[in-house]
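[1] Generate coordinates for the sequence data below:
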Amino acid sequence: MILKNMLSFFVPHKRFNIFSGTNTWKEWWLFFCAYFTFGSYEDESIIDEYEKAFAKAAGTIHAISFGAGRMGLYAILEALELQRGDEIILPAFTCVVVPNAILYRGLKPVYVDIDPITFNVDVLKIEKAITSRTRALYIQHTFGVICDVGKARAIADRYKLYLIEDACHALGATDKGKKAGSLSDVAYFSTDHSKVISTVLGGMVTTNHDAWATKIRAIQQSSPFLTRKWVRKIMLAFLTERMLLSPYCAWFGRKFFAALVKFKIIFFYHDELKIERPTNYPYPCRLSSIQAKLGLSQLAGLHCNLNHRRQIALWLESRIKWYENLPQEFLLQQTWIRYSFLVQDRTEFEALFMKHFDLGIWFTSILHGRAEGLDKLDYVQASCPVAEWVAQHIVNFPTHLRIPLKFLQDNWSQHEQVVLTMLDRGIL
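    Next up, the predicted model:
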């Protein structure tokens, strides 16, 4: 079966992936025209308009843009004026750029294990990790499912800790009527090409605290824009990705796109393995106005975007029932950037769907993007056994607008009986 699926990979067919799933051909044309003009990429009025629209979407007073979500986190940590060696508690199931940003500020990441159903931090284990050097609690809404903010907030208040919210997967999710990005002292989002909305690369910090907003705004204003050359490479990345990774081209286009990345014809940040702040581009840097214009277009379609994601996720939930112990009302309020669950053999699962889905699974390491040398980021092996198990067994389906529900249903129906026998609930 695996060999048959591998051979079929080389025959022309429709294949979906995780990138540029929310962008439209109208937005592609916007970038195409901008690429061949000589306008400014530093138009503050467009950036300001985008920030105001984003603040509204996140339910906050302030929104401050940066060149990447990780840079927004870096700016938050700088604004909080923490001292070298201070500790930040965070879940041991995240992207490696998170502890990287913490280390860049001279701080110490302290990892806490996760819940094996929601893949969010296990709030019952947080207090054991608190020491006299703990200054902040970092919570993450993994895959767009909001974590237990109420309990995290209570712990942060009890120990007088800052509460930092990672809403990178959760734009549009709500908890008791409040939106992700407004549930903490300060939050940040990523808007890169795999997130809820895409500005190719990009990030945003949100807060309702005027004083913190002032500090973060000052950091933003003192940060440079990327050079025109780099911005144009970002634009070219969007233009080529939209074509080469489209469903009808992805079966062969992925290799061409990888070559463009390898030979630096297009630009993405590659600092996942850097434990010292990058110096080959400004970190942090500002978001260009052409990306802000793309962001405005994406926010205009957010409602439709979220409806589609929820439709796919809730249909998958009706088949798999991974989240069956959570209230239906809660499930309806989540963003579902990925619908995630555990299987016994991930390689076998991927083989079933590889002809039509390049799943690009998150997170295959407890610090996704780094498979080894986790001690360099202060992680102690076996200290978070649930997270380590999950990283070996998790699979997820993307839910973006490019994936038709009917296509997913038809493909799923061919494998459902096998998949249901693969589910791994043993750690629950």
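[2] The closest residue to Leu244 other than its chain neighbours: how many residues sit nearby?
    The shortest distance from Leu244 to any non-neighbouring residue, by Cβ to Cβ, 6 or more residues apart in numbering, is to Gly253 (3.2 Å). The C-beta positions use only the backbone N, C-alpha and C, and glycine is treated the same way. Using other Cβ atoms under 10 Å, the number of residues around Gly253 comes to 18.
[3] Next: Leu302.
    The burial metric for Leu302, expressed as a neighbour count using other Cβ under 10 Å, is 17.
[4] That one and Lys179 touch, don't they?
    No. Counting by Cβ atoms under 8 Å, Leu302 sits too far from Lys179 to count as a contact (11.2 Å).
[5] what touches both of these two?
    With contacts taken as Cβ atoms under 8 Å, 6 or more residues apart in numbering, the residues that reach both Leu302 and Lys179 are Ala57, Gly172.
[6] secondary structure element for Phe397?
    Secondary-structure assignment from DSSP states H and E places Phe397 in strand 394-398.
[7] For the strand ranked longest in the chain, name the packing helices and strands.
    With DSSP state E applied, the strand covering the greatest number of residues in the chain is identified as strand 134-140. Taking 3 or more Cβ pairs under 8 Å, 6 or more residues apart in numbering; DSSP states H and E as contact, the helices and strands that strand 134-140 lies on are strand 87-91, helix 149-158, strand 162-166.
[8] how distant is the longest one from the center of its chain?
    Computed by Cα atoms, centre = their mean, to the nearest Å, the separation of helix 149-158 from the middle of its chain amounts to 23 Å.
[9] do the same with stretch 38-58
    21 Å.
[10] Report the rounded mean pLDDT for that stretch.
    Per-residue pLDDT values over stretch 38-58 give a mean of 96.
[11] For that stretch, list the C-alpha coordinates in CSV.
    Listed next in CSV are the C-alpha coordinates belonging to stretch 38-58 (Å, rounded to 0.1, in the frame of the first residue of the first chain):
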residue,chain,number,x,y,z
PHE,A,38,8.4,51.6,-8.0
GLY,A,39,6.1,52.7,-5.3
SER,A,40,7.1,52.9,-1.6
TYR,A,41,7.0,49.8,0.6
GLU,A,42,7.1,52.0,3.7
ASP,A,43,3.7,53.8,3.5
GLU,A,44,2.9,54.5,7.2
SER,A,45,-0.8,55.3,6.4
ILE,A,46,-1.4,51.8,5.0
ILE,A,47,0.4,50.2,7.9
ASP,A,48,-1.6,52.3,10.4
GLU,A,49,-4.9,51.3,8.7
TYR,A,50,-3.9,47.6,8.9
GLU,A,51,-3.0,47.9,12.5
LYS,A,52,-6.3,49.5,13.4
ALA,A,53,-8.3,46.8,11.5
PHE,A,54,-6.3,44.1,13.2
ALA,A,55,-6.9,45.6,16.7
LYS,A,56,-10.6,45.5,15.9
ALA,A,57,-10.4,41.8,14.8
ALA,A,58,-8.5,40.9,18.0
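[12] Mind listing what's buried along that stretch?
    When burial is assessed from 16 or more other Cβ atoms under 10 Å, stretch 38-58 yields the following buried residues: Tyr41, Glu42, Ile46, Ile47, Glu49, Tyr50, Glu51, Ala53, Phe54, Ala55, Ala57, Ala58.
[13] okay, those in a markdown table with distance to Gly360 and secondary structure next?
    Output for the buried residues of stretch 38-58, formatted as a markdown table (distance: Cβ to Cβ, whole Å; DSSP: H, G, I helix; E, B strand; the rest coil):
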| residue | distance to Gly360 | secondary structure |
| --- | --- | --- |
| Tyr41 | 29 | coil |
| Glu42 | 32 | coil |
| Ile46 | 31 | helix |
| Ile47 | 30 | helix |
| Glu49 | 32 | helix |
| Tyr50 | 27 | helix |
| Glu51 | 29 | helix |
| Ala53 | 28 | helix |
| Phe54 | 25 | helix |
| Ala55 | 30 | helix |
| Ala57 | 25 | helix |
| Ala58 | 26 | helix |
